[in-house]
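Trainee: Next one to model:
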Amino acid sequence: MHSACQLEQLIKSNMRNVIFILSLALVLHLQAQPLVLSQRAQATVVDELLEDRLKNLLPGLMRREGFDMWVVISREYNEDPVIRTLLPATWFAARRTTMLLVFDKGSAQPMEYLAVARYDVGKVFKRAWDPEAQPDQWAQLGKLISERNPKKIGINKAPGYGHADGLTSNDYDRLMEVLPKKLQSSLVSAEKLAVSWLEARTEKEMVIYPQICRVAHEIIAEGFSDKVIQPGVTTTDDVVWWYRERIRELKLDTWFQPSVSIQREEEEAIFSKRAQPLVIMPGDLLHVDFGITYLRLNTDTQQHAYVLKPDEKSVPQFLKDAFAKGNRLQDILTGNYKEGKTGNQILQESRQQALQEGLRPSIYTHPIGFHGHAAGTTVGMWDMQGGVPYTGDYPLHSGTAYSIELNVTVAVTEWKKDIKIQLEEDGYFDKTGFRYIDGRQVEIIPIPRPSTINR
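Mentor: Numbers count the residues shown, from 1 in each chain. Below you'll find the model as predicted:
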């Protein structure tokens, strides 16, 4: 078995081989969990994934959507959401005004990737501007476009998706000023192209994504344990901030503040008046909403744990039965994932089936990937169970990832009240169907674990 130091040196000597890096990651994963690559190794993986996406994914998407040119313009501190996914790992934002141009010269020729910048932007976008010869960056952009005379130019203006609406009004006006009139009518919204680019997951990304989701699952499990929670002392906020600190310790990022909540055997009128944050007690049903960002991909997970009472050796059966209904709602929803269906169709069919089975469902599933709430097919929102305008009408495409987010309300006679089983797990849809990227929770996590209970 290699030492962690030896593996790090091997990574440095094989900087272009993503699969090699991932295999080393698996070895390290067996040594210490969870594994997070060094910053340098992460940058290598990010750049390899980006190069693969640009050369092997983007050409097909542009041809599918009918674009022979895509222009992405962004200014520092006012970044287009798309441009962040096109920049190399060592670029954290646009620099001054960053202009990227992708041109399809025809199916028999390689795509052209140009940066109207003083230097190359990563390995793929090549410098196409010499300020000494042409001081006006905008004029150079207009010249490059005119020389190529594209039929359909995509720009990031979009009515429905904020992810694809990153071109500012000022930059649009400047672009129009430098284009000849014959090309101005060729400018059209690249919304579908941008959404396709953001939502599509590549084979290489899907080699990596399970480990990212596994890291998130392991952090959740560690937080929902007696290593972190002392009943009668620890509060929900204590656990929330433990999660934040743990994320930072592992050199990861989060895209939202985690939350931890409690349901317990107590009348709501009494429970709702308790001082916040709540102290966690035996008999509490805990819920966490948690996500990390790693290698530019995001997770979004909701799970449940139960704090055992002194006389309990396992989670009560009535809570297990309630949890099974949450799993059943997941199965109904993912069973309706079919390519070409819209999010609203999937929502309607899933709700109808769940209601027929006697469930009380609420479905609010969203894409996952470069963003936590990502671009793609929206399947309900918590306050739009009848359908979601625009994004809910977007069709489901193969090779896309989703956070299966939902809840089911269950009457618990033992507590004389309704409870909600709130679940969220990340999954992937392709030609073979739907699968969870790193499995899903099928049992409530007991605190403490059975192995630590005196029998």
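Trainee: mind saving the C-alpha coords of stretch 409-424 as CSV?
Mentor: The C-alpha coordinates for stretch 409-424 follow below in CSV (Å, rounded to 0.1, in the frame of the first residue of the first chain):
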residue,chain,number,x,y,z
THR,A,409,-46.8,13.4,5.3
VAL,A,410,-47.6,10.5,7.6
ALA,A,411,-50.1,10.2,10.4
VAL,A,412,-48.3,8.7,13.4
THR,A,413,-50.8,7.4,16.0
GLU,A,414,-48.1,6.8,18.5
TRP,A,415,-47.4,10.5,18.6
LYS,A,416,-50.9,11.6,17.8
LYS,A,417,-49.8,13.9,15.1
ASP,A,418,-48.6,14.1,11.5
ILE,A,419,-44.9,13.9,10.7
LYS,A,420,-43.0,14.6,7.5
ILE,A,421,-40.4,12.3,6.0
GLN,A,422,-38.2,14.7,4.0
LEU,A,423,-35.8,13.0,1.7
GLU,A,424,-33.3,14.2,-0.9
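Trainee: can you list contacts of it?
Mentor: Contacts to stretch 409-424, defined as Cβ atoms under 8 Å, 6 or more residues apart in numbering, come from residues 263-265, 267-268, 285, 287, 289, 300-304, 316, 318-319, 322-323, 325-327, 329-330, 360, 362, 403-408, 440-441. Any C-beta I mention is one placed from the backbone N, CA and C, and that applies to glycine too.
Trainee: Now do the buried residues in that stretch.
Mentor: By 16 or more other Cβ atoms under 10 Å, the buried positions in stretch 409-424 come out as 410, 412, 415, 417, 419-424.
Trainee: between those, which is nearest Pro395?
Mentor: Nearest to Pro395 among the buried residues of stretch 409-424 is Glu424, at 22.8 Å by Cβ to Cβ.
Trainee: Tell me the secondary structure of the closest one, please.
Mentor: strand (DSSP: H, G, I helix; E, B strand; the rest coil).
Trainee: Over to Leu114?
Mentor: Following three-state DSSP, Leu114 is assigned to strand.
Trainee: ok, it - how many residues close by?
Mentor: Neighbourhood size, Leu114 [other Cβ atoms under 10 Å]: 24.
Trainee: wait, isn't it in contact with Thr98?
Mentor: No - with contact defined as Cβ atoms under 8 Å, Leu114 does not count as touching Thr98 (11.9 Å).
Trainee: Between these two, which contacts overlap?
Mentor: By Cβ under 8 Å, 6+ apart, Leu114 and Thr98 have no common neighbours.
Trainee: if we can go back for a sec, filter the contacts of stretch 409-424 down to the ones in helices?
Mentor: Using DSSP state H, 268, 318-319, 322-323, 325-327, 329-330 are the members of the contacts of stretch 409-424 that sit in helices.
Trainee: Now name the helix or strand holding Leu100.
Mentor: Leu100 belongs to strand 97-103 when assigned by DSSP states H and E.
Trainee: Neighbouring strands - and their directions - for that strand?
Mentor: Counting by DSSP bridges, the strands paired with strand 97-103 are strand 69-75 (antiparallel), strand 112-115 (antiparallel).
Trainee: Can you dump the C-alpha atoms of that strand in CSV for me?
Mentor: Only the C-alpha atoms of strand 97-103 are listed here, as CSV (Å, rounded to 0.1, in the frame of the first residue of the first chain):
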residue,chain,number,x,y,z
THR,A,97,-13.7,41.7,-19.7
THR,A,98,-13.4,38.0,-20.7
MET,A,99,-14.7,37.1,-24.1
LEU,A,100,-14.9,33.5,-25.3
LEU,A,101,-15.9,32.4,-28.8
VAL,A,102,-16.7,28.9,-30.0
PHE,A,103,-17.1,28.4,-33.7
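Trainee: Having no further points to raise, I will conclude here.
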